[in-house]
Every structure is written in C-alpha cells, then in structure tokens.
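Model the structure of this input:
(chains A and B)
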Number of protein chains: 2
Amino acid sequence: MEKTARARLNGAVSRDPLEPKAGRDTVRRHNLSLVLRAVKDSGETTRAGVSARVGLTRAAISSLVEQLLECGFLSESGKTFSGQAGRPGTVLKVARTGVAGLGVEINVDYVCVCVVDLAGTDRVRLVEHLDNRDATPAQVLHRAARTAARALTSAGEQELRPVGAALALPGLVSCGTVRQAPNLGWSGVPAEGPFATALAALRPRLPALPVRSENEANLAALAELWFGALGPVRTFLYLSGEIGVGGALVLEGELLRGAHGFAGEIGHAMASAEGPECRCGARGCLEQYAGQSAMLRAAGVEETHGASAVAELERRARAGDERTLAALERAGLMLGRVLSGAVNLFDPAAVVLGGIYRPLAPWLIPRAAAELSARVVSGLWPCQGVRLRASSPAADAARGAAALVVRDVLTDPLAYGERVPAG
Amino acid sequence: MEKTARARLNGAVSRDPLEPKAGRDTVRRHNLSLVLRAVKDSGETTRAGVSARVGLTRAAISSLVEQLLECGFLSESGKTFSGQAGRPGTVLKVARTGVAGLGVEINVDYVCVCVVDLAGTDRVRLVEHLDNRDATPAQVLHRAARTAARALTSAGEQELRPVGAALALPGLVSCGTVRQAPNLGWSGVPAEGPFATALAALRPRLPALPVRSENEANLAALAELWFGALGPVRTFLYLSGEIGVGGALVLEGELLRGAHGFAGEIGHAMASAEGPECRCGARGCLEQYAGQSAMLRAAGVEETHGASAVAELERRARAGDERTLAALERAGLMLGRVLSGAVNLFDPAAVVLGGIYRPLAPWLIPRAAAELSARVVSGLWPCQGVRLRASSPAADAARGAAALVVRDVLTDPLAYGERVPAG
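Have a look, this model is predicted:
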C-alpha cells in the first residue's frame, strides 16, 4: 500500500489503474499534493515554475494553486518574480500560518515538544529536563501533555494550527503501545490513548488532536533525512545516544521496520560477550559501554548532574581529563565493533551519530572509525564516501515527529484544509 | 524502477500513466506475463481459471493464451477439467520444454550447475568437487564453463533451451566483477565476460548466452524464498555456510542490497574481539568459528577430505564424538552471538541456515537459539513465530541463479519466445 502511494507521488497522474476506485476526486487530490510539494521544495516559485516542475498545463496549475490558496496552504505575494522560465508571475510560498505538526519526544530524562510548520521549520520548541524513571507511565504522559498544551498555546499565538501529534518514545512501539522501553521501565504501556486524553482534558474547548507514536530513533533518523546535511545519501544507519542507545535503518529514504516493526535495536547488539549485565537481560550490550549512564559512570561524572552531565563530560574531555578520555575511547571502540557488524550487514552509505553522541563526536569518532576501517569487509570504508558523522543540530526526534504529521498534510492537503471548496 | 515494475505486476493494466511511453504493446506484454504467471502459480488451470485469477475478460485471456501457446510457453492437453468455476476447458500448464535458465555456482571447493524450467523445476544438475583455490580465476571460470556446457547438452536432450545464465559467486559482486572473495583469493576479478567467452568457445555454433552474476548467498536466499518452506515469511535473514560464511537479507520478498550492493556480509561480523585473524584482515570474525575450515579444524577432521569432510563431521557428531560436539557447540554459540545482533538490527521473521549448516543444524541450532533467546531485545524471539531453521533441501544458490533467469522470462515472455507473432 505504501509502495503504491510512493509510486503515485512520483508524477502527475490522470488515472491510477492500480486503484480501481480512483476517480476524478482522487486525481485532483493527488495533483494538489504534487503542487503543494513543488512549491515547498522550491522555497519560492511562480505558477510557471510549478508547471515546469510538475508537468501539468498552466491552466491546471492555476486552478490547483487557487484551491491551495483558498485553503490556506499557500501564500502569494504581490511582487513579480522573473528569475525562472516563462513570464513573470506573483511569488508563491507555503503558508507560514495555518496547518502544522506537533512532535513530542518523551525520553528517559527529558521531554521535548516542538511545532513545525508546512515548510518544515521548527517554530515552537519546549524542553523540560526531568527524570521520567521516577514517575508512573500515566504521570509521564500527563506531564508530556501539559508541556504539549503549552507549546500549542504558543503555536496558536503564531497562528499555527497543529492538525496532529506524533509521540517519539525510547523503545519498541507498535499499535500505539510501548511494547518495551527498558530504560523507562515500561512494558506493554499504551501511550497514544492516555496522551490524547490528557491533552484533550487540558484543552476542553478545542478539537482533539489525532495522536500517533513511533520509536524515537526512527523519528530522529527521518529528521536527519529531511533536515540534516546528508546530501544525496538516502540509505543510512542512525544511532541515537541517550540513556539508552537507539538505532534506525533508512533504506532509500524510507524507514526499514523489519517484520514486526522493531528493526534498529542496535543498543542491545553484543559489544563484549562477558560484559556487564544490561537492563534487557543480556550481557555486554553496546548500551553498557556507550549509553549515557555507562559513559558518565566510566568518566566519574555524577549522573545526578541531569541535563548538564553530558555538558560536563564534554567539558572534561575538552580539558583533557584522562579518565573521561579513556571512557570515551572505550565507548568509541565498542561503537566501532558493533557498527562494523551493522555496516557489513546493511551496507549503508553513511552512519550518523545523534543524541548525546553529537557533542561527544570529536572523541568518539576517531576510535570508532579506526575499528570500522579494520572490520568492514568490503574495503569500502571509508574510501567511497561511506562516512561516520555526527547528526545535524537542527534534526532531532521531536522535529521528526512533528514533520511526520506535516508529511501527511503534504500528501493529501484537502484532508486538512480550513475550507474544502468543491474540486 | 524495480518498484514501478513490481507495482505493475500486481494487476492487469490497460495503461500505466507513470510510464509516458506505455502503449498497447507494453500493456499486452504485461498482460502476457500476468497470464503466464497465473498458469505457473496454478500448476494446472483452464482459460476460465486464468480469467478469474487475473481479472481480464475471457476473450482477452483466450487471445493471450493463444499467443503464449504459439510461442511455446504454455502447453495444452486435450482432457477437460471441471474442478474450477466456469464451464470445463482444456488444461493449461507451463511448457516443460523450451525456454529455461542456467545457474552456475562457483564456490571455494565445488562448482554446481543447474538448469531450471519455466515451472522452476530443477531439470539438470551437475556438481564437481574440486579446490578452486588451487587455480587462477581464469582457470576456475573456464572449468565452470566446461561444466555448464555439459549441462547445456543435457538440457538440449530434454528439449530445454536456456536463454541466459547467472553466476553465483562467494564474494562481493558488482557490475560483473568479483570485487572481493577472500576465500577464493579473488579481488577485482571480472567474471561474467570471461565465463561468457569460455562458454561461447565451447559451443561455437550456438548463440551466446547473456551472463549475469550475483553473490551466492543472495541467490540461495532467493531460492529459499521461491522453493523453500518459508510459508508466508517474506522478511528473513539467510546464512550460507561454506568455506566462508555468506549472508543475505530479504525484505518483503526482495533482496536488500544496501548502498553499494554488498549488504549481508555477516561472515565478518565480530564474534569475539580478540579471536583469530581472518582472511579479511580483521580478528574474531564469525567465519573463524563457524566457517567450514574452522569447524573441521576444531573437530580434528582433515580438510583434505574434500566434499566428504562435512559428511564426516556429521557422522562424528551423530556418533557423539566429544571434540566434534564441542566444535559445533562453539560454532553455534558464535552464530547465536552474531545473529542476535543481526536480529536486533533487522527484525526478520525467520533466520535460515543454509549450505553446510543444513546437515549440521541439529547440533548448531540449540546453542544458537539459546543465545538468541538471551540476547534479542524484543522478547519476540522465538515466541511470535520468529524462527531459526535449516534451509530447504531443494533450495540452493545454483537453483536460485537459474530461477533468476526464468523470472526474467516470466516478467516479459515476448522477449524470449521462439516466435513472436504480432500482438
């Protein structure tokens, strides 16, 4: 089903024979999406520019653009613009107000909420550092809803109207439920429903937001794909360093989910067979060397430093503290060991280190890269552009979550418009 | 491109708008493929049966069937058949003669050639056990061509006409060249060209066969998918135990190739950081514990036993020889360690052990499965049907290679027919 959807998004269609019920309405909705995405991808353009890009006639484009303007998805400025082929026209952009997406990352020691507009820009961001291990799942979800409600108030002040929310959660997520999140101590915890209820209770006069949920590393990987600096790379492995170590595989621009939706659990790959016991029940998992707690412990930094603990780790590394450097060297070695197996198996064009690995990358990457060079069989590491790199600053799980909602709008804008005139 | 092709194969089409040049000819060719595959998948059927399955009118089906009969892809028997809906008709089957595929597996200590007919049946098989490490790549490819020529003669006697050949090679293969095959000692060796030339020289009066090449584990995995006992499983991990240990990932019925086409190299995943040096240059690779040579050495079986060495290993295990059992236990442990990381990362619905692991599975699987149970994070191993199992006897790389050629025929039969009447 996703494949058909993806195939359809490749070009303007007049009828899709693979969907027997497709009619005029489906075609027009599809073409509206095509035009909206063309404007978004261009930044600024004209009707002629859209026509050239999309391959529909000027007349068809004009009608589609009119509808998108009426529904509030596009904005038009009076100035003319002659930088492209065709006669000058007024400038079209995606609207900075109106529909938007809400992303809510609930992690072990923080909650991060953000609102992203149609262009993908991060417009509101609220971060609260607190230990979610101290509270029940219901309390944690209620806290997150409270933070989300505050962000929604800010969004409203900017005339943004989130049409859905996505939760980013540090564990195995399926069907709205956290199947396992060892570091939160959650197992079989429904997340979407309780969050939606709590949020609705905080905004009694407003329509309820549809809520979905997803693994945080998956969403951080999508954020890297959409907003990062990967260039042409569309097949990569993403590692998200937090209290736990999450991972995601992206294959040709799509999340690889595996048979049960749980692919990417690299934090529990074996780094050392006889290593310390892990919360997952096994021994010597990567998390026991390269997770936040493990690195802090090895460096002698107190975990109670909370949000500042990682900053303290970075400060000590920068100052040349030997114990810290040894801890990061060991974490880099273990990352390299596990990543080499993953690279041999999955053959990605890049490996991205996100979360707390981003500030620590200068100390982690050299050792990890050396291990990769030694262990990746193809001899392609790193000579053909395969790279180990830190994630982009603007790309994280909360933004990825919000952008996931926006992607739905871009795929079928009419389902979300303020007014829906007849096609 | 592959996605579009796959989407198109899902149903009968009258026009595909994603391909602007698609015309009547393209549509008819597609529908011919649809009908041919419907007959193949049914085993035996009637025109009415095909019509019901494919969703085209009886008249259209009759015309398509006529053309497939004329071209020699289908055969028709006089008997009537009323086991299905509609009035009785003559029985249609795919032809047992005519177009076929040639598969040639060149491995470290054997060459296996097979010819597969349109129905996927293995019709000719020739295996030669010999040490390909003793010869130059040119000599090895020439030997393989000689064996292939013999198989082609047998195929001709059965009125089979292979229309292409696929080489299965134990290494990283791209663009017709073996980039690296550490156990053969090959690096940057062109394979398709020299094999095609050698084969053409052995059959001077016959048209040259197009030759392609592919990693052997990839082809063995496809054979397992097409001819094995996986049932509904379409996402799995395949391990091919030979002198080396190959691997393949199959995602929703398609090979996952990765960014450079080299995905699946699980033989060089780290099983033990400080383990023995491997031919790839790293230490403690899985191959050093679970490769054929490593297991024979650990069990004290002489490698010079050649083809019978693995049989000897099996015999000793069956007889309860302690050294052999310890060697297989260790191999199973290391398989389990490496597989647990791969399962955490890729989340397959099954793991299949092929090659020499098939006869040795009774001794390898218990230890490997225990390790998987302990290390796979999701708690889904093996309770939701995720299984570690031996490969099917009828599915190997040579058959997968031959079937790959046949798949091309099934996808566009007109490109391969004996006569091509006007559509």
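
Going by C-alpha atoms from here, please, whenever you check contacts or count neighbours.
Will do.

and A:Arg47, what is it in contact with?
Residues counted as contacts of A:Arg47 (C-alpha atoms under 8 Å, 6 or more residues apart in numbering or on different chains) are A:58, A:61-62, A:65, A:89-90, A:92.

ok, now with 7 Å
Shown in contact with A:Arg47 (C-alpha atoms under 7 Å, 6 or more residues apart in numbering or on different chains): A:61-62, A:89.

ok, of those, which one's closest to B:Leu141?
For the contacts of A:Arg47, the minimum distance to B:Leu141 (C-alpha to C-alpha) is 58.2 Å, reached by A:Ile61.

That closest one and A:Glu242, how far apart?
Using C-alpha to C-alpha, to the nearest Å, we find A:Ile61 at a distance of 46 Å from A:Glu242.

returning to what we had before: emit the ChimeraX select command for whichever of the contacts of A:Arg47 are buried.
Buried members of those can be picked out in ChimeraX with the line below, counting by 16 or more other C-alpha atoms under 10 Å in any protein chain shown:
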select /A:61,62,89
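
Please list the members of the contacts of A:Arg47 that lie in helices.
Secondary structure from DSSP state H places A:61-62 of the contacts of A:Arg47 in helices.

Distance to A:Leu202 for the contacts of A:Arg47 - can I get that in CSV?
Formatted as CSV, those follow (distance: C-alpha to C-alpha, whole Å):
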residue, distance to A:Leu202
A:Ile61, 42
A:Ser62, 42
A:Gly89, 45
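
from the contacts of A:Arg47, which single one is nearest B:Ala271?
Closest approach to B:Ala271 among those (C-alpha to C-alpha): A:Ile61, at 58.4 Å.

That closest one contacts A:Ser51, correct?
Yes: assessed by C-alpha atoms under 7 Å, A:Ile61 is found in contact with A:Ser51 at 6.2 Å.

Distance-wise, check the closest residue to A:Leu69 other than its chain neighbours relative to B:Leu219.
Leaving aside its chain neighbours, A:Leu69 sits nearest to A:Ser75 (6.2 Å; criterion: C-alpha to C-alpha, 6 or more residues apart in numbering or on different chains). As judged by C-alpha to C-alpha, A:Ser75 and B:Leu219 stand 53 Å apart.

who's more crowded, the two?
Using other C-alpha atoms under 10 Å in any protein chain shown as the criterion, A:Ser75 and B:Leu219 rank with B:Leu219 on top: 30 against 16.

mind checking which helix or strand the more buried one is in?
Per DSSP states H and E: B:Leu219 is located in helix B:216-227.

any idea which helix or strand comes after that helix?
Per DSSP H and E, helix B:216-227 leads on to strand B:236-241 as the next helix or strand towards the C-terminus.

Distance from that following strand to the middle of the chain?
From the chain centre to the centre of strand B:236-241 is a distance of 11 Å (C-alpha atoms, centre = their mean, to the nearest Å).

Could you tell me which strands it is paired with, and in which direction each runs?
Taking DSSP bridges as the criterion, strand B:236-241 sits next to strand B:245-251 (antiparallel), strand B:350-355 (parallel) in its sheet.

what's the angle from the shortest one to helix B:216-227?
Pointing back at strand B:350-355 there. 120 degrees (axes from the mean of the first three to the mean of the last three C-alpha atoms, to 10 degrees).

any residue of the helix or strand following strand B:350-355 up close to chain A?
Next in sequence after strand B:350-355, counting helices and strands by DSSP H and E, comes helix B:357-375. Yes: counting by C-alpha under 7 Å from any C-alpha of the partner chain, contacts between helix B:357-375 and chain A involve B:374-375.
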